[in-house]
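[1] Could you work out the structure for the sequence below:
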Amino acid sequence: MIKEIVSDRIAPIDVPLTHVVRAGDYVYVSGQIAVRSDGSLVIGDFPAETRAVLDNISAAVEAAGGSLADVCKTTVFLLNATLFEPMNSVYREYFKKPYPARATIVAPLSNPDLRIEIEAVAYIPVGD
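    Numbers count the residues shown, from 1 in each chain. This next block holds a predicted model:
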């Protein structure tokens, strides 16, 4: 069974997707962008953008009963390759060893002001 997970720390959106879904022991977090819970974008400061994205991922996983330590896979979308090292610097603030498996893709994002989006999968056994 698939169940929607809701967090009041993540801004609601008006597109056909769910921020967080649980399917058994796995929690899937849709791509998160640098947006605060009030809907305002964080732009112009890449480390702050990255922190806003990872704060959203953290809020999503916590709403499902877990923590960032439960994240087993992420996919990072970057506007350009020069952002790889700055992203890694902030990413290390949020994730510790063993780091989640990860793919990093350079691609244009849905809003021209955005430079990063991250999706995640967490393993949070039901009943834990």
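[2] all contacts plus neighbour counts: C-alpha atoms, from now on.
    Fine.
[3] gap between Tyr28 and Lys73?
    10 Å (CA to CA, to the nearest Å).
[4] Between these two, tell me which one has more neighbours.
    Using other CA atoms under 10 Å, the more surrounded residue of Tyr28 and Lys73 is Tyr28, with 24 against 16.
[5] Mind listing what's buried along the longest helix along the chain?
    The helix that spans the most residues within the chain, counting by DSSP state H, is helix 46-63. Under the neighbour-count criterion of 16 or more other CA atoms under 10 Å, helix 46-63 has 46-47, 49-61, 63 buried.
[6] quick one: the strand or helix carrying Tyr91 to helix 46-63, angle?
    Assigned by DSSP states H and E, Tyr91 belongs to helix 84-94. Helix 84-94 runs at 40 degrees relative to helix 46-63, counting by axes from the mean of the first three to the mean of the last three CA atoms, to 10 degrees.
[7] now what about helix 84-94, what contacts it?
    If you take CA atoms under 8 Å, 6 or more residues apart in numbering as the criterion, helix 84-94 is touched by 46-47, 50-51, 54, 68, 78.
[8] where exactly do the strands run in this protein?
    In the chain, strands defined by DSSP state E lie at 2-5, 20-23, 26-32, 71-78, 101-106, 116-123, listed in chain order.
[9] want to throw those into CSV with distance to Ile13 and mean pLDDT?
    Shown next, in CSV, are those (distance: least, CA to CA, whole Å; pLDDT from 0 to 100):
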stretch, distance to Ile13, mean pLDDT
strand 2-5, 14, 95
strand 20-23, 12, 97
strand 26-32, 11, 97
strand 71-78, 19, 98
strand 101-106, 24, 98
strand 116-123, 15, 98
